[in-house]
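Participant: Please find the sequence and the predicted model below.
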Amino acid sequence: MPTATTEELQAFKAAFFKALAHPVRIKILELLVNGEMNVQELQEALGVEQPVASQQLAVLRVNNIVAGRKEGASVRYSVRDPLIGDLLAITRRIFNNHLVSTQGLLRQLKHERRGR
């Protein structure tokens, strides 16, 4: 089995994160990690127009992050890899760590201003 070169892996990571780099696409993934949904269900949950939901789903589909399964007249979407849920949870933890750090800096600045 061939192994990816460092450059191929870095290119994959860059393309992967670029595909995630939109708030609506992140929200779509947050919804889909809980189970399949069609475009109408996603549109309602996101509070966006159908073309917006479809456009963002297309980006995720082209990058093999979500998969579509035909069901009657509609398509049900799901995440291709359950590790996406782990990635979103880790991202949330990193964000929380960033907030804690920022709050600590703000407290320190307030304390320094009072000491003047």
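Facilitator: Cool, the structure landed. Residues are numbered from 1 along each chain as shown.

Participant: only C-alpha atoms for contact and neighbour calcs from this point on.
Facilitator: Will do.

Participant: I'd guessed Lys27 sits against Gly47; true?
Facilitator: No - taking C-alpha atoms under 8 Å as the definition, Lys27 is not a contact partner of Gly47, at 10.8 Å.

Participant: For Phe95, the count of nearby residues, please.
Facilitator: As a burial measure, the neighbour count of Phe95 was computed by other C-alpha atoms under 10 Å and equals 12.

Participant: Report the central residue of this structure.
Facilitator: To find the centre residue of the chain, average its C-alpha atoms and take the closest one (C-alpha atoms, centre = their mean): that gives Ile26, at 2.9 Å.

Participant: Would you mind measuring from that one to Val33?
Facilitator: Ile26 sits 11 Å away from Val33, taking C-alpha to C-alpha, to the nearest Å as the criterion.

Participant: Show me what the lengthiest helix in the chain is packed against.
Facilitator: The helix of greatest length in the chain, counted in residues with DSSP state H as the criterion, is given as helix 83-114. Packing contacts for helix 83-114, counted by 3 or more C-alpha pairs under 8 Å, 6 or more residues apart in numbering; DSSP states H and E, involve helix 23-32.

Participant: in its sheet, what does the helix or strand following the helix it packs on sit against?
Facilitator: Once helix 23-32 ends, the next helix or strand along the chain (criterion: DSSP states H and E) is strand 37-38. Using DSSP bridges, strand 37-38 pairs in its sheet with strand 74-79 (antiparallel).

Participant: what's the strand it pairs with in contact with?
Facilitator: Taking contacts as C-alpha atoms under 8 Å, 6 or more residues apart in numbering, the residues outside strand 74-79 that touch it are 29, 32-33, 35-39, 65-70.

Participant: Just the buried ones from these?
Facilitator: Those of the contacts of strand 74-79 that meet the buried threshold are 29, 32-33, 36-39, 65-68, by 16 or more other C-alpha atoms under 10 Å.
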